[in-house]
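Colleague: structure of the sequence below:
(2 chains)
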Amino acid sequence: MGSRASSLLREEDIEEIKKETGFSHSQITRLYSRFHSLDKGENGALSREDFQRIPELAINPLGDRIINAFFPEGTNKKYTAREDQVNFRGFMRTLAHFRPVEDNEKNKDLTSGEPLNSRTNKLHFAFQLYDLDRDDKISRDELLQVLRMMVGVNISDEQLGSIADRTIQEADTNGDMCISFSEFTKVLEKVDVEQKMSIRFLH
Amino acid sequence: METGHTEFPSGNILASAPDISLKAYLHIFNGTEWQHNISVHFTFVSLFSLFFAVPESCMLILLGLVLGAVVLIASKKQPYQLDPGLFFLFLLPTIVGDAGYFMPARLFFDNLGAILLYAVVGTLWNAFCTGFCLYGVKMAGVIVNAGLMDFLLFGALISAVDPVAVLAVFEEVHVNETLFIIVFGESLVNDAVTVVLYKVYISFVEVGPGNVHTADYFKGIASFLIVSIGGTLVGLIFAVILAFVTRFTKKVRIIEPLFVFLLVYLAYLTAELFSLSAILSMTFCGIGCKKYVEANISQKSRTTVKYTMKTLASIAETIIFIFLGISAVDKSKWAWDTGLVVSTLIFILVFRAMGVVGQTWFLNWFRLVPLDKIDQVVMSYGGLRGAVAFALVVLLDKEQVKAKDYFVATTIVVVFFTVMFQGLTIKPLVKWLKVPRSTNRKPTINEEIHERAFDHILTAVEDIAGLNGYHHWRDKWEQFDKNYLSKLLLRKSVYHKSELWEAYQKINIRDAISVIDQGGNVLTSARLSLPSMASRTSFPEVTNVTNYLRENGSGVCLDLQVIDTVPGAKIEEELETHHVLAGNLYKPRRRYQSHYSRHFMTVGEKERQDREVFQRNMRNRLESFKSTRYKRHKKDRSQKKRKGSDAKEQDTNDKPRRNVSWQDKAVVPVAPEEDKHDPSEPDKDDDVGITFVARKAPETPKERPKSAALDVCQSPVAAPPSPTCGEKNLPWKSGVGSLPPCVSVEATKIIPIDLQQAWNQSISSLESLASPPAPPEPQHPRVSALSRLGGPLRTPAKGKSSGSGGAGSGSNTGSPSSGQFKFPTGKEEEEEGALSQQQQEMQPLMSSLRPPPPPPPPPAAQSAGKRRNPCVYLRSLVTVPPSGAEPQSRRPTQL
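Modeller: Coordinates of the predicted model:
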């Protein structure tokens, strides 16, 4: 599978993805074979259903939100074959948000534009999971929806509502009862986002 | 020592229940002789309170030491010893049996590679290094004179990590589950290595080192393979026998636990008889048989097995540690050599650490979650030696191993040092090591929520990126299990019911009881709509709850409406919010603490969470699926006109949907309506997905001859564009082994089969309902579905599919029964047939519990009203539906 998958991937594509995402060559081939095995339609792009077929996602509270995150709003021809599908470039682009920040990258951060796995981008990825209508604000309703996904059934609506209110109060600095991205960043400034939003991709 | 005679009688009790007897002793002492010696009393009390802070094992050893001293002084000789025969025949098997039977099998096999590496390579490394280095020290002339073989033998027996000690100590230190299972698994599996090394060396010592040929070393390696694999096989054979036997004990429930104990023990004895690894045999017997035995035996037998095993194991552990203490006192048995003791201690610590670091470095190349430095420290430090080493060293023949007495003394010191010193300090060590990682600052609510969200995101991304490891062999095994083993080893009723039926029952009962235990406090409707699946599966518990309510009715407010209307306490306290969040936020995969525990039964929290989340996710997918299809049908409407009556029917069909969804409306505030009309819900994409699928669908018309309309409304979720999927999509076509594709076949690994089936069936019945064109009113999504209510008015083809959906959920394994195809002619019979055995068993109970008939349904639902309604949903029993609620909310939840 791996060899076949990598043969389908052109060398120049790999180079481009490497440049864009910072993944290593072997990581790209490895993820491509994963991409290929997810792609049940064998048309070089993943549809929503392809993601939904991943069994673990069915028991992830935020599973469907994360699937949505793979389908960016502004459809760029480069990343999506069609509106409802994501090709390998797009797939890698999303995954690149979770690449750990390596030591040598910290220094050249400012010179070559912001890499996908920067703190801001990681935070923005999380922010967008809340921000369904993409108005760059988390409203109380949006927060409530996510909270409801994340808590067990034992918690009542009133409790959840008050938690949501509190959360917004805590983060809201300009009093619009919404959490903007800058407020979101600010409230999480003490959190080691680089570490907490990174996973180890096997080589 | 004037208290000697007072202490002695209580000493006998001490062996079984040290804490209680200690108290009893204090009591006696206090009551009878307190004026006699009050200072002794206070010493004891302070010691007693000190003991509470230390691990039980240390306390027991100390107690044993005291007892031993007392006995020795009283009788001048030591009558009690930890006898190897007693130890290996009775004490060890109880502990190992318990460990094997309650071993978290999944975790064990997930880490099997690491466990095997540490157990085999690690133990060999320890054994050889310790042996050779001790010999080197001897050559330097510091320690007692003994041959190389003697030292190697000693190294072999002293190097194995001991399961009893590891269990006793790790129980107290809450390390993460992976770490625990690696060390614990290692301690179980390394038995094979120890046994072989021990026996090989013994034979070498017997023939004399000079007569050992090269071939003998290879024989040693071969015997290792035989001992380990043979032991495992014996265990598995007994597991199969045991599972098979329990299949036929329906008439003699009372001896079911006996069979379990006897056969598991027999696995141990048989392996011992053939000089195979008895521990391995028993462990694998326990792991292997558990699934089938638990399914076959009755609830009471299960409880008996569980508690007896845990009790026996605790008793055995207590006895072992106390006897270790007692044995240590007997000076006639050992000879002291400071050099040997000190160098042994140093060597085992150093080589353990070196071995762990080296092997971990190697393992981390392959491990998804690498073992970090702290893990390695804990693993090195947690390499406790215990009673197995002691029993083995006592077994040595003094004629052949001249230095036996020195070895005994050293072993005792090593065991005491590891269990007591390391056992005592490992907890502070773990704490101390972890401190720099987490700040003392309390996280804000935002941080708490968002960080948890991060965790979920990471888990999901790992799953998407396939980093979780796809276990080919596990899938193969599960196929094999499903196709052959389960058929052979499970009772027919169990097999046809559901493999997870019993598990659900247990969880549901517990849920229900906890609801009642908590009185009115948390008795919200959310709480009561047990996160179980269908009412079909939950109503037996309902009867339980009701009985419970009746029996204990005095303290419980039956009218939950009253409780519900009590305004929820405003939680303004930050602390409380944190508390609520901490208790209720779903935990990401890695944070589960579901390891084996001697004293706590696992709570099944994970299962429950998985189920809740799964239900919710599937529901959401269903909703979005529905809404997209609704849009589709708006387009179709021009083509197929329906009469108003049909629309009415749709209307009534629509209402029960709320029950039908997995969660009650009250539970999930993201109400169906919100979902449907939520503009932010990314439905657009799905819509396109439909087009895509619909284009594909005509390629497979022959698979769905029942209703051509199905083709048009193929589910986006349910229809991967492969030609075979359409076939699987229909529940009556899906065999036992092939789950419909909405949830992939791999999902069996993590998602209860019932749920998958429920979901798949709901999807298929959704499709069947969707076959009539869209109703004119937008508030009529055609998901009414699932419920049988709409069945009678449908055309045979449509009714058939929904009916079989219902039947499928009843039989749960989705086995295509012939009855389903008779549906058009005899719906009632079909309906009855769908109630499989277990429901019928409940009939007498239910008839008395059936709720008052629902208010007359709207005219179109008349036929629905006369349907047989055997299921009683808990909610309908105890709550009055809020005013304005549809009468159908009293109807059973059904999938």
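
Colleague: assign a three-state SS to B:V173, would you?
Modeller: coil (DSSP: H, G, I helix; E, B strand; the rest coil).

Colleague: okay, now it: neighbour count?
Modeller: Using other C-beta atoms under 10 Å in any protein chain shown, B:V173 has 19 neighbouring residues. Where you see a C-beta, it was placed from the backbone N, CA and C, and this is true even at glycine.

Colleague: which of the helices or strands spans the nearest residue to it once chain neighbours are set aside?
Modeller: Once flanking residues are discounted, B:V173 sits nearest to B:K427: 4.9 Å by C-beta to C-beta, 6 or more residues apart in numbering or on different chains. Using DSSP states H and E, B:K427 sits within helix B:423-434.

Colleague: ok, then the element right after that helix?
Modeller: Counting by DSSP H and E, what follows helix B:423-434 is helix B:445-464.

Colleague: look up how far A:V193 lies from the residue lying farthest from the centre of chain A.
Modeller: Computed with C-alpha atoms, centre = their mean, the residue of chain A farthest from its C-alpha average is A:E158, at 30.3 Å. To A:V193, A:E158 is 31 Å away according to C-beta to C-beta, to the nearest Å.

Colleague: same check, this time on B:V388
Modeller: Counting by C-beta to C-beta, the gap from B:V388 to A:V193 is 47 Å.

Colleague: which one's more surrounded, these two?
Modeller: Set side by side, B:V388 and A:V193 show more neighbours around B:V388, with 27 against 21, by other C-beta under 10 Å.

Colleague: I'd like to know which elements the helix holding B:K427 is packed against.
Modeller: When contacts are defined as 3 or more C-beta pairs under 8 Å, 6 or more residues apart in numbering or on different chains; DSSP states H and E, helix B:423-434 packs onto helix B:56-75, helix B:163-170, helix B:373-381.

Colleague: and the strands in chain A?
Modeller: A:45-47, A:85-87, A:137-138, A:179-180 (DSSP state E).

Colleague: and B:K300, which of those is closest to it?
Modeller: Across those, B:K300 has its closest neighbour in strand A:45-47 (50.1 Å, C-beta to C-beta).

Colleague: which helix or strand in chain B has the lowest average pLDDT?
Modeller: helix B:560-565 (a mean of 33; mean pLDDT, DSSP states H and E).

Colleague: ugh, wrong one, chain A
Modeller: Per-SSE averages on chain A (mean pLDDT, DSSP H and E): minimum helix A:2-8, a mean of 47.

Colleague: where does pLDDT dip in chain A?
Modeller: A:1-9, A:72-83, A:102-114, A:152-154, A:200, A:202-203 (pLDDT under 70).

Colleague: which residue lies nearest the spatial centre of it?
Modeller: Nearest to chain A centroid, counting by C-alpha atoms, centre = their mean: A:F125, 4.8 Å.

Colleague: let me know whether it touches B:A460 as I believe.
Modeller: No. Using C-beta atoms under 8 Å, A:F125 is not in contact with B:A460; the gap is 11.6 Å.

Colleague: thinking again about what came up before, adding distance to B:K219 and mean pLDDT, write the helices and strands packed on helix B:423-434 out as a markdown table.
Modeller: Formatted as a markdown table, those follow (distance: least, C-beta to C-beta, whole Å; pLDDT from 0 to 100):
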| stretch | distance to B:K219 | mean pLDDT |
| --- | --- | --- |
| helix B:56-75 | 38 | 84 |
| helix B:163-170 | 27 | 84 |
| helix B:373-381 | 32 | 86 |
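
Colleague: what's the most buried one of those?
Modeller: helix B:163-170 (a mean of 26; mean count of other C-beta atoms under 10 Å in any protein chain shown).

Colleague: other SSEs contacting that helix?
Modeller: On a contact count with 3+ C-beta pairs under 8 Å, 6+ apart, helix B:163-170 meets helix B:56-75, helix B:92-101, helix B:177-207, helix B:299-329, helix B:387-395, helix B:423-434.

Colleague: mind putting the ones you listed in CSV, distance to B:G131 included?
Modeller: Converted to CSV, those look like this (distance: least, C-beta to C-beta, whole Å):
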stretch, distance to B:G131
helix B:56-75, 26
helix B:92-101, 24
helix B:177-207, 9
helix B:299-329, 23
helix B:387-395, 14
helix B:423-434, 25
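
Colleague: can you show me the helices along chain A?
Modeller: A:2-8, A:11-21, A:25-38, A:48-52, A:55-58, A:63-69, A:88-96, A:103-107, A:119-130, A:140-150, A:157-171, A:181-187, A:193-196 (DSSP state H).

Colleague: distance of B:F90 from chain A?
Modeller: Distance, B:F90 to chain A, using C-beta to the nearest C-beta, to the nearest Å: 43 Å.

Colleague: and if you look at B:S281?
Modeller: 34 Å.

Colleague: can you classify that residue as helix, strand or coil?
Modeller: Classified using three-state DSSP, B:S281 is helix.

Colleague: quick check: it touching B:I229?
Modeller: No. Look at B:S281 against B:I229 with C-beta under 8 Å: they stay out of range, at 10.7 Å.

Colleague: more neighbours: these two, which one.
Modeller: More crowded of B:S281 and B:I229, by other C-beta under 10 Å: B:S281, with 34 against 14.

Colleague: residues contacting that one?
Modeller: When contacts are counted by C-beta atoms under 8 Å, 6 or more residues apart in numbering or on different chains, B:S281 is found next to B:G231, B:T232, B:V234, B:G235, B:F238, B:A267, B:Y268, B:T270, B:A271.

Colleague: give me the distance between it and B:F102.
Modeller: 17 Å.

Colleague: and if you look at B:D83?
Modeller: B:D83 is 27 Å from B:F102, by C-beta to C-beta.

Colleague: which of those two has more neighbours?
Modeller: Of the pair B:D83 and B:F102, B:F102 is the one with more neighbours under other C-beta under 10 Å, namely 21 against 16.

Colleague: for the more buried one, what are its contacts?
Modeller: Here B:F102 is in contact with B:G286, B:K290, B:K306, B:M309, B:K310, B:Y596 (C-beta under 8 Å, 6+ apart).

Colleague: who wins on neighbours among these?
Modeller: Ranking those using other C-beta under 10 Å puts B:G286 first, with 27 neighbours.

Colleague: for that residue, give me the pLDDT.
Modeller: Note for B:G286: predicted pLDDT of 92.

Colleague: with adjacent residues omitted, what lies nearest to it?
Modeller: B:G100 (2.6 Å).

Colleague: ok, now which ones touch the one you found?
Modeller: B:L188, B:V264, B:M282, B:T283, B:F284, B:C285, B:G286, B:I287.

Colleague: from B:V430, how far off is it?
Modeller: 26 Å.

Colleague: now do B:K476
Modeller: As for B:K476, its distance to B:V430 is 38 Å (criterion: C-beta to C-beta).

Colleague: the more surrounded of the two?
Modeller: B:V430 (19 against 10).

Colleague: can you tell me the closest non-neighbouring residue to the more buried one?
Modeller: Leaving aside its chain neighbours, B:V430 sits nearest to B:V173 (5.6 Å; criterion: C-beta to C-beta, 6+ apart).

Colleague: cool, and B:A460?
Modeller: A:I66 is the one closest to B:A460 (C-beta to C-beta, 6+ apart), at 4.2 Å.

Colleague: I'd guessed that neighbour sits against A:N60; true?
Modeller: Yes. Shown here, A:I66 and A:N60 form a contact pair, counting by C-beta under 8 Å, at 7.2 Å.

Colleague: these two: which has the busier surroundings?
Modeller: Neighbours were counted for A:I66 and for A:N60 using other C-beta under 10 Å; A:N60 has more, 27 against 23.

Colleague: about what we covered before: what's the most distant pair in the contacts of B:F102?
Modeller: B:K290 and B:K310 (14.1 Å).

Colleague: ok, the closest residue to B:G423 other than its chain neighbours - contacts?
Modeller: With C-beta to C-beta, 6+ apart as the criterion, B:G423 has its nearest non-adjacent residue at 4.2 Å, and that residue is B:V169. B:V169 makes contact with B:P55, B:S57, B:G382, B:L384, B:V419, B:Q422, B:G423, B:I426 under the criterion C-beta under 8 Å, 6+ apart.
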